[in-house]
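**Q** With the input below, show me the fold.
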Amino acid sequence: MIAPASPSAVADVAAVQRRTLRVLLASQVLAGAGLAAGVTVGALLAQEMLRSTSLSGLPAGLMTLGSAAAAMGVGRLSQRSGRRPGLAVGYLVGAVGGAGVVVAAMLDSVPLLLVSLLLYGSGTATNLQARYAGADLAAPARRGRAVSTVLVATTVGAVAGPNLVEPMGSLARALGIPALAGPFLLATVAYALGAVVVGIRLRPDPLLTARAIAEEADQAAAADRPAPAAETNTVLLRLGATAMIVTQLVMVAIMAMTPVEMSEHGHGLGAAGLVISLHIAAMYLPSPLTGALVDRLGGRPLIAAAGVTLLAAGLLAATAPPDSVALLAIALILLGLGWNLGLVAGTALLTDAVPVQRRARTAGTVDLGVSLAGATGGIGSGLIVAASSFAALGLADGLIALALVPSLLLGRPRTPAAAPASAAAPASAAAPASAGEAA
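**A** Numbering: from 1, shown residues only. Modelled structure (predicted):
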């Protein structure tokens, strides 16, 4: 057994964790503004430059593909060199993409626009990868809250970004740049500042620190008797990955088609914007409560709650009268809440399941699946609505989400699960695992 850490070592790790979370909070606020500002007008800019309404959804597809590629890249770089260079490079690539979109708009260059949107998607992937950095040094009993702290910071930027679209458009016109490229100016600056904050302030690196602590603990244990190498808990890993992938697919599918459904039934952009804003708030604002519940109850009950909540969202979206903005808003709020439950619980399970030595690369691979699930949901939702109806989409996605519940039964371990990642921080050496995973 690994001996409990000394009080001074625990205090040192706790101090590093507090500093890590402060830095991540700052970078997430900036990155959230960059993401939301650009996404808000991406479709309109593409429609204007491509001179085609049918291709206006191309930016979302390209950004999702870019996000998928970046998830792998950021994960691999973090695995090799630490969270600080991984996140900094990811944000920097997003900034380059934002600047490229601005130049493409000025030159009316469609090829440059397409390439730049791919690079711009790196910011989205990096934004999500940052949640793992918040969990690297967290004690097992506090990992859910650490993840939620990082996620909720994104809300500030995500809410501020769309509200700055009009001022940034005015600034762009004053600089001789097309107005729709203005928000990408904001995105460029926001992502660049996020890279600077992480690159300068994320010291010591949380992932490298966690690895060093784990290695010291292994050496101390080996002094008494050789200890087996930490192994991945594949049961928890599969369950966490499944939760994140399914919730992303369902969330993106319904969210993407809601503004289209509202527009076809006479609702204006203001109403659609309000519904989507409430949805985004529900995606991130409940994070502190979700994190506390994950730490207290474990990931499994929260994943079950995610499946039931997403089912309710799908059924309400399917049955709500098209003229009822209130019911559609409630459906989208439930959709955001279900996504939040699945993502926070899934992230905590993955962190518990994978030894710190392999965690970054595994997280990048899982986030690749999450990004591809989002792309599948976005593309597939349009096909389903075109072939049938928005109601059919809501019903189908609700049933897909409900599949999370039986997956919990299939993922039950035959023997008590080890917690290989619990040695990642001395602060967690004497802490029990989350209640839901202890059994």
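
**Q** tell me which element Ile379 is part of?
**A** helix 359-387 (DSSP states H and E).

**Q** what helix or strand is Tyr191 on?
**A** Going by DSSP H and E, Tyr191 is in helix 182-201.

**Q** just checking, what packs against that helix?
**A** Under the contact criterion of 3 or more Cβ pairs under 8 Å, 6 or more residues apart in numbering; DSSP states H and E, helix 182-201 touches helix 7-50, helix 83-107, helix 110-135, helix 143-163, helix 165-174. Just so you know, the C-beta spots here come from the backbone N, C-alpha and C atoms, and that holds for glycine as well.

**Q** Looking at these, which is nearest to Ala318?
**A** Among those, helix 7-50 comes nearest to Ala318, with 24.7 Å by Cβ to Cβ.

**Q** now that closest one: mean pLDDT?
**A** Across helix 7-50, pLDDT averages out at 78.

**Q** centre of the chain versus stretch 177-187, how much separation?
**A** Here stretch 177-187 shows a centroid-to-chain-centroid distance of 24 Å under the convention Cα atoms, centre = their mean, to the nearest Å.

**Q** Likewise for stretch 251-261?
**A** When C-alpha coordinates are averaged (Cα atoms, centre = their mean), stretch 251-261 and its chain have centres 18 Å apart.

**Q** same check, this time on stretch 361-373
**A** Worked out by Cα atoms, centre = their mean, stretch 361-373 lies 10 Å from the chain centre.

**Q** Return the set of buried residues in it.
**A** Within stretch 361-373, the residues scored as buried using 16 or more other Cβ atoms under 10 Å are 361-364, 366-373.

**Q** rewinding a little: what's the helix holding Ile379 packed up against?
**A** Helix 359-387 packs on helix 58-81, helix 110-135, helix 234-264, helix 325-353, helix 390-402, going by 3+ Cβ pairs under 8 Å, 6+ apart.

**Q** Can you check what angle separates it from helix 325-353?
**A** Angle of helix 359-387 versus helix 325-353, following axes from the mean of the first three to the mean of the last three Cα atoms, to 10 degrees, is 150 degrees.

**Q** and helix 359-387, average pLDDT?
**A** 85.

**Q** Would you format the buried residues of stretch 361-373 as TSV with distance to Ala179 included?
**A** Shown next, in TSV, are the buried residues of stretch 361-373 (distance: Cβ to Cβ, whole Å):
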residue	distance to Ala179
Arg361	42
Thr362	43
Ala363	38
Gly364	36
Val366	39
Asp367	33
Leu368	35
Gly369	37
Val370	33
Ser371	30
Leu372	33
Ala373	34
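
**Q** closest to Val147 among those?
**A** Ala363 (11.5 Å).

**Q** Please name the residues that touch that closest one.
**A** 75, 78, 129, 132, 350, 354 (Cβ atoms under 8 Å, 6 or more residues apart in numbering).

**Q** how close does the last one get to Val366?
**A** Between Val354 and Val366 the distance is 9 Å, computed by Cβ to Cβ, to the nearest Å.

**Q** Need the pLDDT of the residue nearest the centre of the chain.
**A** For the chain, the residue nearest the mean C-alpha position is Leu128 (3.4 Å; Cα atoms, centre = their mean). In this model, Leu128 is scored at 84, pLDDT.

**Q** List the contacts of the spatially closest residue to it that is not a sequence neighbour.
**A** Distance criterion Cβ to Cβ, 6 or more residues apart in numbering; nearest residue to Leu128, sequence neighbours excluded, is Asp367 at 5.9 Å. If you count contacts by Cβ under 8 Å, 6+ apart, Asp367 has them with 71, 75, 125, 128-129.

**Q** From those residues, pick the one nearest Thr155.
**A** So of the contacts of Asp367, ranked by how close each gets to Thr155 (Cβ to Cβ), first place is Leu128, at 14.1 Å.

**Q** Now do the closest one against Leu87, distance only.
**A** Counting by Cβ to Cβ, the gap from Leu128 to Leu87 is 11 Å.

**Q** How about Gln248?
**A** In this view, Gln248 and Leu87 are 20 Å apart by Cβ to Cβ.

**Q** One more: Leu65?
**A** Distance of Leu65 to Leu87, given as Cβ to Cβ: 20 Å.

**Q** Who has more neighbours out of those two?
**A** Between Leu65 and Leu87, counted using other Cβ atoms under 10 Å, Leu87 has the larger neighbour count: 30 against 16.

**Q** Assess the claim that the more buried one and Leu77 are in contact.
**A** No: applying Cβ atoms under 8 Å as the test, Leu87 and Leu77 come out as separate, 9.1 Å apart.

**Q** who touches the nearest residue to Ala375 once chain neighbours are set aside in this structure?
**A** Using Cβ to Cβ, 6+ apart and skipping residues adjacent in sequence, the residue nearest Ala375 is Thr64, 4.2 Å away. Shown in contact with Thr64 (Cβ under 8 Å, 6+ apart): 121, 124, 371, 374-375, 378.
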